[in-house]
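Engineer: Pasting the sequence and the predicted coordinates here, then a few questions.
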There are 2 protein chains.
Amino acid sequence: MNIGEAAAESGVSAKMIRHYEAIGLIRPADRGESRYRHFGAPDVHVLRFIKRARTLGFSIKDIGSLLGLWQGHRPSAEVKRLALAHIASLDAKIAEMRGMRDALGQLARDCHGDERPECPILEDLAGPRFDN
Amino acid sequence: MNIGEAAAESGVSAKMIRHYEAIGLIRPADRGESRYRHFGAPDVHVLRFIKRARTLGFSIKDIGSLLGLWQGHRPSAEVKRLALAHIASLDAKIAEMRGMRDALGQLARDCHGDERPECPILEDLAGPRFDN
DNA sequence: GATGGTGCTTCCCATGGTGGGAAGGTCAAG
DNA sequence: CTTGACCTTCCCACCATGGGAAGCACCATC
């Protein structure tokens, strides 16, 4: 199977497959007669694993660890630790974004949204008025 | 006021001030006798505006628009439009991350987290088992 | 006035994950 | 054998930010 088909099968773009190989996340693919990469079912399985992990927001670095655990001695404690750490960072980012959203929602709610220049959003951004 | 003091006053790093100047977000600062940039209170005010807008998650591009509206004819409708669009993208990202978090939370909850290799998290990542 | 330390200048590089595109080689079907 | 689809490598871009090097400016202290 060539890279295009492996990409279609796994949902990982050919571009990304090459990238993952270049950074050492996956083993360098075998090359057939020519210089074309050659993929088998296990390779596609690995790519699907990566794809799913990316969908769950894991970093490439974490995915490297998860792949090692998956294919190695797999103590689930370690997997769980990675997952919980990732959940914590997701929670932190969600909280941060929700803070932004709520603040901005409040300001937008108070904004007329017409042709007048008065605008609570701009006033907030401009900070405390020194000039009156 | 030199760049270091402007940075301290505004909360924007000197590095970022130079960057904002380079990409045209702010006007090139006046240079004093030597080649040092020279900042006044209005410049710091603009930097604070940018800082606050970044804190609310606006992109540099959006901030450029907001700065123009702030210092121009300021129809609040336009400001509100930008804000609502940004809120929508925040909501989308929050929903996406919450999806990740919930899926992962579920998996982690079912994971023993001990020395055994059985792990719902790895099983999810590995996808449907073809081999049994 | 020399000296030293701090702060400024520009320039290049890195991050993370992904895509775009050019220039050239390869394969299979007609 | 030609054509078109696919592969190869290599460089560049995004977005926002930080690190660091080499060199110049400034100020205080001796």
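Structural biologist: Arrived safely, thanks for sending.
Engineer: tell me the contacts of A:Arg116?
Structural biologist: B:Pro75, B:Ser76 (CB atoms under 8 Å, 6 or more residues apart in numbering or on different chains). Using the backbone N, CA and C atoms, a C-beta is placed for each residue, glycine as well.
Engineer: Now do the SS call for it.
Structural biologist: Using DSSP: H, G, I helix; E, B strand; the rest coil, the secondary structure recorded for A:Arg116 is coil.
Engineer: How many residues are close by the nearest residue to A:His112 once chain neighbours are set aside?
Structural biologist: Using CB to CB, 6 or more residues apart in numbering or on different chains and skipping residues adjacent in sequence, the residue nearest A:His112 is B:Ser76, 5.5 Å away. By other CB atoms under 10 Å in any protein chain shown, the residues close to B:Ser76 number 21.
Engineer: likewise A:Gly32?
Structural biologist: Using other CB under 10 Å as the criterion, the residues surrounding A:Gly32 number 10.
Engineer: re the thing from before, just to check, the residue nearest to A:His112 is in contact with A:Pro117?
Structural biologist: Yes - counting by CB atoms under 8 Å, A:Pro117 is a contact partner of B:Ser76 at 6.6 Å.
Engineer: Near DNA strand D, which residues of chain A are found?
Structural biologist: Taking CB under 7 Å from any atom of the strand as the criterion, chain A approaches DNA strand D at residues A:Asn2, A:Ile3, A:Gly4, A:Glu5, A:Ala14, A:Arg18, A:Ala29, A:Arg31, A:Arg35, A:Tyr36, A:Arg37.
Engineer: Let me have the residues you listed in CSV, extended by neighbour count.
Structural biologist: Converted to CSV, the residues of chain A next to DNA strand D look like this (neighbours: other CB atoms under 10 Å in any protein chain shown):
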residue, neighbour count
A:Asn2, 13
A:Ile3, 19
A:Gly4, 12
A:Glu5, 12
A:Ala14, 15
A:Arg18, 15
A:Ala29, 19
A:Arg31, 10
A:Arg35, 6
A:Tyr36, 12
A:Arg37, 18
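Engineer: Out of the residues you listed, which two sit at the greatest distance?
Structural biologist: Greatest spacing in these, by CB to CB: A:Glu5 and A:Arg35 (16.7 Å).
Engineer: Leaving out the residues flanking it, which one is nearest to A:Ile3?
Structural biologist: A:Ala14 is the one closest to A:Ile3 (CB to CB, 6+ apart), at 4.7 Å.
Engineer: Run through the residues that contact the one you found.
Structural biologist: A:Ile3, A:Gly4, A:Ala6, A:Ala7.
Engineer: backbone phi and psi for A:Arg37, please?
Structural biologist: Dihedral pair for A:Arg37: phi -70, psi 150, per degrees, to the nearest 10.
Engineer: how much space between it and A:Pro28?
Structural biologist: 8 Å (CB to CB, to the nearest Å).
Engineer: Quickly list what's touching both of these two.
Structural biologist: A:Glu21.
Engineer: that older thread, closest to DNA strand D out of the contacts of A:Ala14?
Structural biologist: Comparing the contacts of A:Ala14 against DNA strand D with CB to the nearest atom of the strand places A:Gly4 closest, at 2.5 Å.
Engineer: what comes up buried for the helix or strand hosting A:Met16?
Structural biologist: Here A:Met16 is covered by helix A:14-22, with elements defined by DSSP states H and E. Counting neighbours by 16 or more other CB atoms under 10 Å in any protein chain shown, one finds that the buried residues in helix A:14-22 are A:Met16, A:Ile17, A:Tyr20.
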